[in-house]
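**Student:** quick one, what's the 3D model for this:
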Amino acid sequence: MAELKIDALVFDVLGTLVDEPAGLRAGIRALAPSASLSPGPSAVPSVGPSAVPSLDAPGTERLLLLWQRHIEREQRRILDGDRPYLPSDALDREAARIVAEAAGVEDQAAVEELAGAARRLPPWPDTVAGLARLAGRFPLIGLSNASRTALLELNAHAGLRWHQALSAEDARAYKPDPAVYRLAVTVAGRPPERLLMVAAHAWDLRGAQALGLRTAYVARPVGDPPASSDRFDLYAEDLADLARQLELPRGV
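**Tutor:** Reported below is the predicted structural model:
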C-alpha cells in the first residue's frame with residue numbers, strides 16, 4: 001500500500017452504493033394495480049407463443065431487463081454521437097413508458113411514478129457506515145451518470161453523504177466518456193493519480209484508469225466484474241474491506 005498515495009476518493013453511485021435493480025423492481029411491482037392482461041407492442045419477447053409479461057417474479061425480471069437494455073442502448077447512442085445528450089431522468093421516463101406499455105399499463109400517473117423509481121434506490125447494507133468511515137480520512141466525491149436532480153433525490157433517499165456530488169449532466173455526457181471523470185479531477189484540484197475511483201463496474205474503472213485515476217473495484221451482486229486482463233489497484237469485498245486496505249482503523 002506504500003505506493004498508493006491518495007488525496008480523495010471518487011465514488012460511482014448506481015450499483016456501487018445503491019442497489020439499482022432492487023429499486024426498479026419495487027417500482028415495476030407497484031404497477032400491478034394498473035396492469036392489464038394485454039401487452040403493448042413493445043412487450044418483452046415471450047418465451048412461449050401465448051406468454052404475456054406479468055408482475056410475478058419472472059415477469060418483473062423480464063420488465064427490469066427491458067428497462068436496463070433501453071438505458072444502456074440509449075446511453076451508448078449518446079456516447080457514439082448518434083443521439084443528442086439527454087439527462088438520465090429523461091431516459092428513465094422513456095424506459096418507464098416502454099415498461100408500462102409492455103405491462104399493459106396506460107395510466108400516465110402510474111408511468112410517472114415508475115419513472116421516479118430510478119431515484120428511490122436503497123443503499124447496500126454497508127454503504128452509509130462505509131462512507132462515514134472513509135470520510136473521516138478522505139474527501140469523498142460522488143460521480144454519477146444520474147442527472148443533477150436525480151442525484152439529489154438519490155442521495156436524500158439513500159442517506160448518502162458527500163463532500164461533493166457531481167453529475168455527468170455537467171459534462172453533457174455519460175461515463176465512460178473522459179469528460180465525466182475530468183469533472184472530479186477539476187473539483188479535487190489534484191493530479192488524477194492522487195484520486196481513487198471506486199466502483200462495482202469494471203467498465204467504469206477502465207474509463208477512470210484511462211484518464212490516470214487510481215482504481216478500486218468493490219464487489220456487488222449487480223456489478224460488472226473485472227476481466228482477467230484488468231489490473232486495478234485495489235479489489236475489495238465491500239466498503240469495510242476497502243477501508244481496511246486503505247489502513248483506516250475501525251473507529252475512524
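**Student:** run a quick neighbour tally on the closest residue to Val128 other than its chain neighbours.
**Tutor:** Closest residue in space to Val128, ignoring its immediate chain neighbours: Gly159 at 5.1 Å, by Cβ to Cβ, 6 or more residues apart in numbering. (Glycine included, C-beta is placed from N, CA and C.) Gly159 has 12 neighbouring residues, counting by other Cβ atoms under 10 Å.
**Student:** and stretch 5-13, how far apart are its ends?
**Tutor:** One end of stretch 5-13 to the other measures 23 Å (Cα to Cα, to the nearest Å).
**Student:** residues near Ala90, how many?
**Tutor:** Neighbour tally, Ala90, other Cβ under 10 Å: 13.
**Student:** quick one: average confidence on the helix or strand containing it?
**Tutor:** Using DSSP states H and E, Ala90 falls within helix 88-102. Averaged across helix 88-102, pLDDT comes to 97.
**Student:** from the contact counts, what lies against whichever strand or helix holds Leu134?
**Tutor:** Leu134 belongs to helix 127-135 when assigned by DSSP H and E. For helix 127-135, the packing partners by 3 or more Cβ pairs under 8 Å, 6 or more residues apart in numbering; DSSP states H and E come out as helix 239-245.
**Student:** residues in contact with the helix it packs on?
**Tutor:** By Cβ atoms under 8 Å, 6 or more residues apart in numbering, the residues outside helix 239-245 that reach it are 1, 126-127, 129-131, 133-134, 198, 216, 218, 234, 236.
**Student:** identify the farthest-apart pair in the residues you listed.
**Tutor:** Using Cβ to Cβ, the pair of the contacts of helix 239-245 lying farthest apart is Met1 and Thr127, separated by 23.1 Å.
**Student:** show me the strands in the protein, by range?
**Tutor:** 8-11, 140-144, 164-167, 195-199, 214-218, 234-236 (DSSP state E).
**Student:** of those strands, which stretch is the most buried?
**Tutor:** Of all these, strand 195-199 carries the top mean neighbour count, a mean of 27, counting by mean count of other Cβ atoms under 10 Å.
**Student:** strands paired with that strand, and their directions?
**Tutor:** Strand 195-199 sits in its sheet next to strand 8-11 (parallel), strand 214-218 (parallel), going by DSSP bridges.
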